[in-house]
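**Q** when you get a sec, could you give me coordinates for this:
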Amino acid sequence: LLDGPYDEQTDLLADSLRVQGVLPVIEPNTAAGFTHVGPGAGETLDPALLSVAGPDAVVDWVFLELRDAASGTQVQATANGLVQRDGDVVSPQGGPVVFEADAGNYRLVARHRNHLGVMTDAAFTLSRDPIPVDLSDPALATFGTDARRLRDGKALLWAGNAVFDNELRYTGAANDRDAMLQRIGGVVPTATIGGYWVEDVTLDGLVRYTGAGNDRDRLLMGIGGAVPTAVRVEQLP
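**A** Residues are numbered from 1 along each chain as shown. As a prediction, the model looks like this:
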């Protein structure tokens, strides 16, 4: 689950990008800066998925990695995925996500263009038979410390990574707040801009610096909500 579009009242993610027609048909992970191991670059989704509403509606693209079981530092295979409103991740064709990798033991990493990634602390035995891995379950151990945000009994990827690095910063060099302000023009804080932007960390199709549902507040919550100089670092080796 992604913290940005998560609604505690429904336990679902908002699918505003799909509803507004700005969710890209071609995977955005390559352009965002993720590196594919194996196929996946330029992959397109089945357009029929954009017509699905309800809990199985697609929210956004995600990037998945299989890493070595021992240290989790070596990426063995990658795959594009689509996260649905209920948190399920499916392939761009709507089925289970498939990696081009040999059967064996791997750690799973889930990443997103403006959320901090997360990796399982233990390895899973993968084969041709699909298995569920529920990263939204707080009981599932993940690598590092406070790798996910806990909200209403769910574990979520931290939102706010508007400059696509490995940390959330509200102030200082290369901070995410300035990126949001620059996206709306850099001068008028009440301005907004619509579309599919990395600075839109709430995934509502609009970059907002102030007002209800703004992206800056979600970033501030990501670093703790009180100390603007705090930094949250992505928990990946």
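**Q** which residue is nearest the middle of the protein?
**A** With distances taken as Cα atoms, centre = their mean, the residue of the chain nearest its centroid is H112 (2.9 Å).
**Q** over to it: give its phi and psi.
**A** In terms of degrees, to the nearest 10, the main-chain angles of H112 are phi -150, psi 150.
**Q** that one against V62, yeah?
**A** Yes: between H112 and V62 there is a contact under Cβ atoms under 8 Å: 5.2 Å. Where you see a C-beta, it was placed from the backbone N, CA and C, and this is true even at glycine.
**Q** anything in contact with each of these two?
**A** V83 (Cβ atoms under 8 Å, 6 or more residues apart in numbering).
**Q** where does G213 fall, secondary structure wise?
**A** Per DSSP states H and E: G213 is located in neither a helix nor a strand.
**Q** give me the pLDDT value at it.
**A** Here the pLDDT value assigned to G213 is 95.
**Q** how close does it sit to G33?
**A** 26 Å (Cβ to Cβ, to the nearest Å).
**Q** return the set of buried residues in stretch 184-203.
**A** I184, T192, Y196, W197, V198, E199, D200, V201, T202, L203 (16 or more other Cβ atoms under 10 Å).
**Q** please, where are all the helices along this structure?
**A** In the chain, the helices defined using DSSP state H lie at 16-19, 29-32, 176-183, 215-222.
**Q** any idea which of the ones you listed is most buried?
**A** Per-stretch averages of neighbours, counted by mean count of other Cβ atoms under 10 Å, single out helix 215-222 among those, with a mean of 23.
**Q** sorry, back to before: what residues does the residue nearest to the centre of the chain make contact with?
**A** Residues counted as contacts of H112 (Cβ under 8 Å, 6+ apart) are L2, D60, W61, V62, F63, V83, L157.
**Q** rerun at 10 Å
**A** Residues counted as contacts of H112 (Cβ atoms under 10 Å, 6 or more residues apart in numbering) are 2-4, 29, 32, 34, 60-63, 81, 83, 118, 157-159, 161, 201, 203.
**Q** could you do A70 as well?
**A** Counting by Cβ under 10 Å, 6+ apart, the residues that A70 touches are N105, R107, A123.
**Q** what does H36 give?
**A** Counting by Cβ under 10 Å, 6+ apart, H36 has contacts E27, N29, T30, G42, E43, F63, E65, V75, A77, T78, A79, N80.
**Q** would you format those residues as JSON lines with pLDDT and distance to R177 included?
**A** Listed next are the contacts of H36 as JSON lines, based on pLDDT from 0 to 100; distance: Cβ to Cβ, whole Å:
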{"residue": "E27", "pLDDT": "99", "distance to R177": "28"}
{"residue": "N29", "pLDDT": "98", "distance to R177": "24"}
{"residue": "T30", "pLDDT": "98", "distance to R177": "26"}
{"residue": "G42", "pLDDT": "96", "distance to R177": "32"}
{"residue": "E43", "pLDDT": "98", "distance to R177": "32"}
{"residue": "F63", "pLDDT": "99", "distance to R177": "24"}
{"residue": "E65", "pLDDT": "99", "distance to R177": "28"}
{"residue": "V75", "pLDDT": "99", "distance to R177": "30"}
{"residue": "A77", "pLDDT": "98", "distance to R177": "35"}
{"residue": "T78", "pLDDT": "99", "distance to R177": "30"}
{"residue": "A79", "pLDDT": "98", "distance to R177": "32"}
{"residue": "N80", "pLDDT": "99", "distance to R177": "29"}
